[in-house]
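>>> Quick check, what structure comes out for this input:
(chains A and B)
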2 protein chains.
Amino acid sequence: MSPPSFRARFRCSDGCDFQAELTEVVYRCPRCQGLLEVEHDLEALAQRSAAEWKALFDGRFRAGPWPLGSGVWGKKEWVYPQLALENVVSMYEGGSPLLRLDRYAQELGLGPDDVWLKECGVTHTGSFKDLGMTVLVSAVKEMRARGVRVDAVACASTGDTSAALAAYCAAAGIPSVVLLPRGKISIAQLVQPIANGALVLELDTDFDGCMKVVQELASAPGLYLANSMNSLRIEGQKTLAVELAQQLGWEVPDWVVIPGGNLGNASAVGRGFLMMKQLGLVSRLPRLVVAQARSANPLFRAVAAAGGKPTRDLEVAPVAAQKTLASAIQIGAPVSARRALRALEALDGLVEDATEQELSDAAARADRAGAYADPHTGVALAVLEKLAARGTIRKGERVAVISTAHGLKFSDFKVGYHAGSLPCVAPRLVNPSVQVAASLGAVQDAVAKRFGVRA
Amino acid sequence: MSPPSFRARFRCSDGCDFQAELTEVVYRCPRCQGLLEVEHDLEALAQRSAAEWKALFDGRFRAGPWPLGSGVWGKKEWVYPQLALENVVSMYEGGSPLLRLDRYAQELGLGPDDVWLKECGVTHTGSFKDLGMTVLVSAVKEMRARGVRVDAVACASTGDTSAALAAYCAAAGIPSVVLLPRGKISIAQLVQPIANGALVLELDTDFDGCMKVVQELASAPGLYLANSMNSLRIEGQKTLAVELAQQLGWEVPDWVVIPGGNLGNASAVGRGFLMMKQLGLVSRLPRLVVAQARSANPLFRAVAAAGGKPTRDLEVAPVAAQKTLASAIQIGAPVSARRALRALEALDGLVEDATEQELSDAAARADRAGAYADPHTGVALAVLEKLAARGTIRKGERVAVISTAHGLKFSDFKVGYHAGSLPCVAPRLVNPSVQVAASLGAVQDAVAKRFGVRA
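Residues are numbered from 1 along each chain as shown, chains lettered A, B, ... in the order given. Have a look, this model is predicted:
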């Protein structure tokens, strides 16, 4: 399917000349310990015209022969061209809804066509992690097919990553191992990897202790580490930028607002837009906004201290991350800070933050217009609200907000907000249920009281 | 966009000559009290060739200009042709994943390409109800635009229907009312309509009491009833059959297995396949299997009593539905039984049932192969397992299983299964987590014990 001239490989992203095959078990540059990135042969890719790429991607999108209907694998040549098709492990990821939030936009003083919610959490495991995990687990399947020893894939995440790892490994028939701190995780958080047959180990330590053990575990041969610095995952996540343009009729929005913790996803989105521009599929780039929770905002602080303009050479000092409702981005030392800064510089970016109050109210405001926002998406929405109020984002500009998880994973957040029981939040948009007698008259009264009309 | 010759209208589905506009507030035939159905002008639709319809639908699918990227509205001419585009209320529904469950299929003795899971619950509100609710709420918006009085839309559902109603009404800015029995619903079940700004009324009665009041409420002008007999919803759900064929490259599977409670969805799927065949998009029909929970199996009983062959003239006697984990299909007197029997007759159908034990183990078995099945999907999977074991469904035949809700809505079901605490279920496939010391050696031992290899 892919001509053999399309090939991608690992290379050091920090400028060494280290290179490796994608089937090698390698996580960092062995020379400088820098992160790796997947390098594509852009010259070969450029031999197809932009129009040909668009037609190819459109023809497969959501309906191509298995597994090319996937939003990721329909763009296989840009992701992992030389992967054997039979080693693709897909859950039909990507192709997620792109909602126009007209009523929310108008509340912010923007136009009804201005705000679009890219629901990357409306997916098989309920988060955007599927986009990257499909590539990582497919690479492992290819490794095993070629005789590379991988007995199991392991991670130490409490949430979306372990759910995605377990699901894709289950589909592939590859053993998976999830390490968690005993007694600190609710059974509801555990049940996705348990259901998908992962070996779930509860360790008598805290989360950092689990990370330490899993890294030791993966330093011996046989255990592959599904960690957040893995650049195979970035290649899958990159496709969300391509898909966003595709769903807008191959146009780019003026702004992309994305929640940022470890910053891999922000860098992936930047990479996707840059690759489209390099290959001529789009003629301009959006501006990129990374939204952090104030409780865990090292990138925001670093950029603010430098006068507000993110540049690739900025040093991001680690901070002690405080507890935040946006738990998946409660990260004080983001592993992909440098990659994200490169994307921000290239996409004329901004970094903002939002308090617990702001993220909660923003999620509730969007919900009232039909969304069902998780707290991380709440951070992105709160930042959009600030930038709109400040006049940085203006009416008539098209904004895509990246939603990273399904709100169904965060019922407690919703219940807590409307019950007024979230820490540090005085909710402004609660919608309490109303108790009434079981009679037509009582119900009619309640309806009349709320809506001012009488049935 | 749609030539004016494409028009649909209500007509009595029981043979009266009653007809009405889709913007009329009418739920049943006023002459015979039969259900209504939406009648399309097939002669006008047939003026476009099958190839033209396919090209039109494919061109819009997941990427058409808003709202035509929706899986429902991309097929607008077949759903509600004369609806004004500005009255479409969409959450980018449809286009849900179609997963190939190779490892599960092989466990059943089928081929790796044989079993496909159509994940209609991987959607904005987490269930297939979005497909129908988008049409109902859009029709209400059109009514209001034409001066028909609809002050609010109401329903009395405890789960997916109220969530979908509240979300679509929130997007449209139309008031919604949800009636629920006080003290019988968990806050987690309530929080979707609460977050989406519905007026949530807790009545001092049981569920039947709520149904009675909401029907009285809707008999006065101003309150529109979003009930399950509403045939506008069927038109949206019908598109899932079209989408299934579309995602298989415009081929039909040999079998479609779907969980059945009120039986509206089964009849909708049948309608979709029949319409495709009538208009030449496919050349044959799949066989349709309706899967019921044994605790609520009136259709299964009626068909079994008649020798196993469903025919349109069968009488389905109501049964007292017993409690089942598949709560959304715990229905003893299915409102759409007659429509479903017509579909079953036309699609050479079968009806089977599954116990609590069977549905739970089947969901767990599929989860181990990467799925994350809700209990209703568990019913469908259990029935597939029976039919495969019996040799009715054979290796090499392609089966599509319709999954109706996101497993994320059913964490309690998963937790209960793996904890062994579900009523009437002795789980066969539990995967307990393992407690270990926080040392590399202890973790390596646990991995070795489980997988028989040592890292």
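
>>> out of everything not next to it in sequence, what's closest to residue A:251?
In space, and not counting its chain neighbours, residue A:251 is closest to residue A:245: 6.5 Å by C-beta to C-beta, 6 or more residues apart in numbering or on different chains. Any C-beta I mention is one placed from the backbone N, CA and C, and that applies to glycine too.

>>> isn't the one you found right next to residue A:284, touching?
No - with contact defined as C-beta atoms under 8 Å, residue A:245 and residue A:284 do not form a contacting pair (10.8 Å).

>>> and for these two, which residues touch both?
Any residue near both residue A:245 and residue A:284 by C-beta atoms under 8 Å, 6 or more residues apart in numbering or on different chains counts here, and that gives residue A:252.

>>> quick one, which of the two is more surrounded?
Of the pair residue A:245 and residue A:284, residue A:245 is the one with more neighbours under other C-beta atoms under 10 Å in any protein chain shown, namely 22 against 9.

>>> Provide the secondary structure category for that one.
Look at residue A:245: counting by DSSP: H, G, I helix; E, B strand; the rest coil, its state is helix.

>>> Tell me if I am right that residue A:352 is in a strand.
Yes - counting by three-state DSSP, one finds residue A:352 located in a strand.

>>> Look up how far residue B:211 lies from it.
If you measure residue A:352 against residue B:211 using C-beta to C-beta, to the nearest Å, the figure is 48 Å.

>>> So between the two, which is more surrounded?
Looking at residue A:352 and residue B:211 with other C-beta under 10 Å, you find the greater number of neighbours at residue A:352, namely 25 against 17.

>>> Please list all residues in contact with that one.
In this structure, residue A:352 makes contact with A:289-292, A:300, A:383, A:386-387, judged by C-beta under 8 Å, 6+ apart.

>>> can you pull out the helices in the stretch 101-250 of chain A?
Assigned by DSSP state H, counting those that start in this stretch, the helices in the stretch 101-250 of chain A fall at A:102-107, A:129-145, A:160-172, A:187-195, A:207-219, A:231-247.

>>> angle of the second one against helix A:231-247?
Pointing back at helix A:129-145 there. Taking axes from the mean of the first three to the mean of the last three C-alpha atoms, to 10 degrees, one finds helix A:129-145 and helix A:231-247 inclined to each other by 130 degrees.

>>> which other helices and strands contact helix A:129-145?
Contacting helix A:129-145 under the criterion 3 or more C-beta pairs under 8 Å, 6 or more residues apart in numbering or on different chains; DSSP states H and E are the following elements: strand A:150-155, helix A:160-172, helix A:231-247.

>>> Return the set of buried residues in that helix.
Counting neighbours by 16 or more other C-beta atoms under 10 Å in any protein chain shown, one finds that the buried residues in helix A:129-145 are A:129-144.

>>> before we move on, the earlier item: so which of the helices and strands packed on helix A:129-145 is the most packed in?
Mean neighbour count, computed with mean count of other C-beta atoms under 10 Å in any protein chain shown, is highest for helix A:160-172 among those, reaching a mean of 28.

>>> gap between it and the chain center?
16 Å (C-alpha atoms, centre = their mean, to the nearest Å).

>>> Can I get that helix as PDB, trimmed to CA atoms?
Output of helix A:160-172 as PDB, limited to C-alpha atoms (Å, rounded to 0.1, in the frame of the first residue of the first chain):
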ATOM      1  CA  ASP A 160      -6.300   7.500  30.900                       C
ATOM      2  CA  THR A 161      -2.900   6.000  29.900                       C
ATOM      3  CA  SER A 162      -3.400   2.700  31.800                       C
ATOM      4  CA  ALA A 163      -7.000   2.400  30.400                       C
ATOM      5  CA  ALA A 164      -5.700   2.900  26.800                       C
ATOM      6  CA  LEU A 165      -2.700   0.600  27.300                       C
ATOM      7  CA  ALA A 166      -4.800  -2.200  28.700                       C
ATOM      8  CA  ALA A 167      -7.400  -1.900  25.900                       C
ATOM      9  CA  TYR A 168      -5.000  -1.900  23.000                       C
ATOM     10  CA  CYS A 169      -2.900  -4.700  24.500                       C
ATOM     11  CA  ALA A 170      -6.100  -6.700  25.000                       C
ATOM     12  CA  ALA A 171      -7.000  -6.200  21.400                       C
ATOM     13  CA  ALA A 172      -3.500  -7.300  20.300                       C
END
